[in-house]
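[1] Everything below, folded, please.
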Amino acid sequence: MKRAEIFPGSVIVLDAREDEQLLQRIRDNLAEGHVFGTHNTAADMQRRIKAYRLANNSKVAEPALKLFF
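    Okay, the predicted model is just below:
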């Protein structure tokens, strides 16, 4: 049973075409001191990007969230 009151009226999808663009933005905009000890390192960003792409671009699993809405 769908509950209309919990469905959003609109959805905004931000999608960078190239993963390298996302990584470069972190390198350019965050000083090393702000990154140290956080989850914004290059390795953690690559891990999160991979998880996002796997969850949202699957051709065999559930449809991507952006396609759902």
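[2] Which helix or which strand is home to the residue nearest to His39 when sequence neighbours are not counted?
    Leaving aside its chain neighbours, His39 sits nearest to Arg48 (7.8 Å; criterion: Cβ to Cβ, 6 or more residues apart in numbering). Quick note: C-beta positions are derived from backbone N, CA and C, even for glycine. Assigned by DSSP states H and E, Arg48 belongs to helix 42-56.
[3] Check which residues of that helix are buried.
    Met45, Asn56 (16 or more other Cβ atoms under 10 Å).
[4] for that helix, packing partners?
    helix 19-29, helix 65-68 (3 or more Cβ pairs under 8 Å, 6 or more residues apart in numbering; DSSP states H and E).
[5] could the ones you listed be laid out in JSON lines, adding mean pLDDT and distance to Ala4?
    As requested, these are arranged in JSON lines below (pLDDT from 0 to 100; distance: least, Cβ to Cβ, whole Å):
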{"stretch": "helix 19-29", "mean pLDDT": "82", "distance to Ala4": "34"}
{"stretch": "helix 65-68", "mean pLDDT": "68", "distance to Ala4": "15"}
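[6] Quick one, which of those gets closest to Val11.
    Among those, helix 65-68 comes nearest to Val11, with 7.3 Å by Cβ to Cβ.
[7] Quick check: Gln24 vs Glu18, distance?
    9 Å (Cβ to Cβ, to the nearest Å).
[8] Compare the two (neighbour count), which wins?
    Taking neighbours as other Cβ atoms under 10 Å, Gln24 and Glu18 compare with Gln24 leading, 11 against 8.
[9] His39: what secondary structure?
    At His39 the chain is in coil, as set by DSSP: H, G, I helix; E, B strand; the rest coil.
[10] list the contacts for Ile40?
    To be clear, residue 40 is Asn; Ile isn't right here. Ile26, Leu30, His34 (Cβ atoms under 8 Å, 6 or more residues apart in numbering).
[11] can you give me phi and psi for it?
    phi -100, psi 20 (degrees, to the nearest 10).
[12] Look up how far His34 lies from it.
    Distance, Asn40 to His34, using Cβ to Cβ: 7 Å.
[13] Distance check, the residue nearest to the spatial centre of the chain against Leu14.
    Nearest to the geometric centre of the chain sits Tyr52, at 5.0 Å (Cα atoms, centre = their mean). Here Tyr52 is placed at a distance of 11 Å from Leu14 (Cβ to Cβ).
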